[in-house]
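**Q** give the three-dimensional model of this entry:
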Amino acid sequence: MPPEIRSATDADIGAICEIVADALEPEDADEARLVLEDPSFDRDRWLVGSIDGEVMSTLALFDSVLRIGAATLPAGQIEFVATSERARGRGLIREQLDEAHRRSAAAGHLAVFIVGIPHFYRQFGYSYAVQQPPYIVVPDSAHLDQGAGWEVRTATEADLPAIAMAQETLQAEASVALTHTHDMWRWLLASPNYEIVVAEARGQLGAGRIYEDGDTAWLTDVVAPAKGALHALIDRARAVRPEVMIVHRPAGLLSAMLADVGEVDDELGWFFVRVEDAVALLNGLRPELDARLSGSNLDGFSGTFTLSQYTSSATCEISAGVTGPFHVGEAVPYPVSAGASGVPPDLIADLVLGPHGAGELERLHGDVLLGEQRELMEVLFPPLVADIQTWVVP
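**A** Residues are numbered from 1 along each chain as shown. You can find the predicted model right below:
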């Protein structure tokens with residue numbers, strides 16, 4: 001019988017957790033069970049692949065919120081990708097991902113993020129689009145001063161709205177932000193593998209998520225309105241393990257404070273991102289495209305804009321600096337000759353979300369061609385700074 005790809009059921013939970021524990025880590029199985037046993041979780045977002053009725057592979061699709069400047073877009077994250085050793089090489093993950101992408105599109109996700117094995121997900125339409133943050137290595141000699149009496153405690157569910165608001169405020173300083181949903185925060189709070197903590201003083205709040213990995217305590221999702229709050233969070237992480245690594249965040253004040261407490265490990269990785277429908281993504285981006293035009297030398301620009309992906313294209317009319325709806329156009333194999341710009345499909349995510357911008361992408365890739373629309377492309381698609389929140393510590 002061919003493999004069957006379907007939604008998970010109660011009867012599958014034990015097999016899913018066993019596969020996740022074997023292929024990933026036992027602690028990941030604890031989190032898989034936590035989500036699957038949550039009655040509010042939509043089981044159609046958790047897929048299994050079975051052979052002759054036996055569950056052999058699994059993955060989960062979660063909702064996220066993606067903000068690009070002034071545009072807020074629905075996005076997805078894929079986690080818990082795992083296959084039984086007995087079934088590897090039989091195409092189960094490919095079939096599961098195909099189904100996950102169909103369900104992601106039906107949910108309206110305009111981009112899907114995943115963290116995983118180098119290169120592996122590129123064969124499924126993903127590209128390296130957004131850099132992972134560097135790490136801050138806090139030396140033993142780092143002096144920690146909690147200043148005006150910051151108190152640190154384990155967070156409760158009642159703290160989640162305030163934590164989410166603090167995260168939103170911090171991420172507003174980044175050009176691109178992927179944000180945990182309330183459900184994701186609930187699961188992270190309930191996970192036995194993380195401790196979410198808050199630091200409080202004078203009505204201000206800092207927060208972070210601590211993860212123990214061998215001799216290292218990772219501190220991620222950090223929010224700190226003052227140096228004392230950051231130092232108090234680090235001190236709490238040190239009580240877990242002596243070596244502390246902090247996942248960097250690009251916000252101005254916090255970034256400067258992080259630089260003061262340790263050394264940057266800048267061996268950066270990348271997040272995989274998949275864009276199913278470039279035209280839909282561009283339409284979702286229109287409020288931000290208008291904002292970029294209004295703040296540039298092209299304020300008030302009018303004309304036709306065409307972005308070729310070689311086998312198809314996206315085109316819109318811009319009138320007095322306002323972008324109209326993008327439409328799917330015909331193939332434009334020679335974009336420069338046609339007065340268009342060309343970006344291949346596997347670089348659309350980088351163009352829209354990434355750190356390069358249209359001009360640098362043209363320098364790096366021979367099939368990115370800006371042509372006569374160069375100035376417009378560089379205004380619409382500048383280099384971006386990202387703050388990405390994912391389930392796993394990147």
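
**Q** and Glu157, what is it in contact with?
**A** Arg186, Leu189 (Cβ atoms under 8 Å, 6 or more residues apart in numbering). Every C-beta, even on glycine, is put in place using the N, C-alpha and C of the backbone.

**Q** where in the stretch 1-150 of the chain is pLDDT low?
**A** Where the stretch 1-150 of the chain drops to pLDDT under 70, the residues are 1, 146-148.

**Q** got it, and the stretch 151-300 of the chain?
**A** Nowhere does the stretch 151-300 of the chain drop to pLDDT under 70.

**Q** let me see the ranges of the strands in it.
**A** Under the criterion DSSP state E, counting those that start in this stretch, strands of the stretch 151-300 of the chain are mapped to 151-154, 176-179, 194-201, 204-213, 216-223, 243-247, 263-265, 270-274.

**Q** mind putting the ones you listed into CSV with distance to Leu144?
**A** Below are these laid out as CSV (distance: least, Cβ to Cβ, whole Å):
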stretch, distance to Leu144
strand 151-154, 12
strand 176-179, 28
strand 194-201, 12
strand 204-213, 13
strand 216-223, 13
strand 243-247, 10
strand 263-265, 16
strand 270-274, 31
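
**Q** out of these, nearest to Ile117?
**A** strand 270-274 (9.6 Å; Cβ to Cβ).

**Q** mind listing the strands the closest one pairs with, and their directions?
**A** strand 112-114 (antiparallel), strand 127-131 (antiparallel) (DSSP bridges).

**Q** let me have those strands in JSON lines, extended by distance to Ala174.
**A** Conversion of the strands paired with strand 270-274 to JSON lines gives the following (distance: least, Cβ to Cβ, whole Å):
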{"stretch": "strand 112-114", "distance to Ala174": "15"}
{"stretch": "strand 127-131", "distance to Ala174": "11"}
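
**Q** okay, those, which one's buried deepest?
**A** The highest mean neighbour count among the strands paired with strand 270-274, using mean count of other Cβ atoms under 10 Å, belongs to strand 112-114: a mean of 25.

**Q** distance from the chain centre to it, please.
**A** 6 Å (Cα atoms, centre = their mean, to the nearest Å).

**Q** who's in contact with that strand?
**A** By Cβ under 8 Å, 6+ apart, strand 112-114 touches 61, 64, 75-79, 81, 101, 104, 121, 126, 130, 178, 271-274, 276, 388, 390.

**Q** nearest to Asp260, of the strands paired with strand 270-274?
**A** strand 127-131 (22.3 Å).

**Q** let me have the strands of the stretch 151-300 of the chain in CSV, extended by distance to Gln96 and mean neighbour count.
**A** Putting those into CSV (distance: least, Cβ to Cβ, whole Å; neighbours: other Cβ atoms under 10 Å) gives the following:
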stretch, distance to Gln96, mean neighbour count
strand 151-154, 36, 14
strand 176-179, 22, 22
strand 194-201, 26, 21
strand 204-213, 27, 21
strand 216-223, 27, 22
strand 243-247, 29, 22
strand 263-265, 33, 12
strand 270-274, 14, 23
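
**Q** report the contact partners of Met56.
**A** So Met56 contacts Pro3, Ile19, Gly49, Ser50, Thr83, Ser84, Arg86, Ala87, Arg90, Leu92 (Cβ under 8 Å, 6+ apart).
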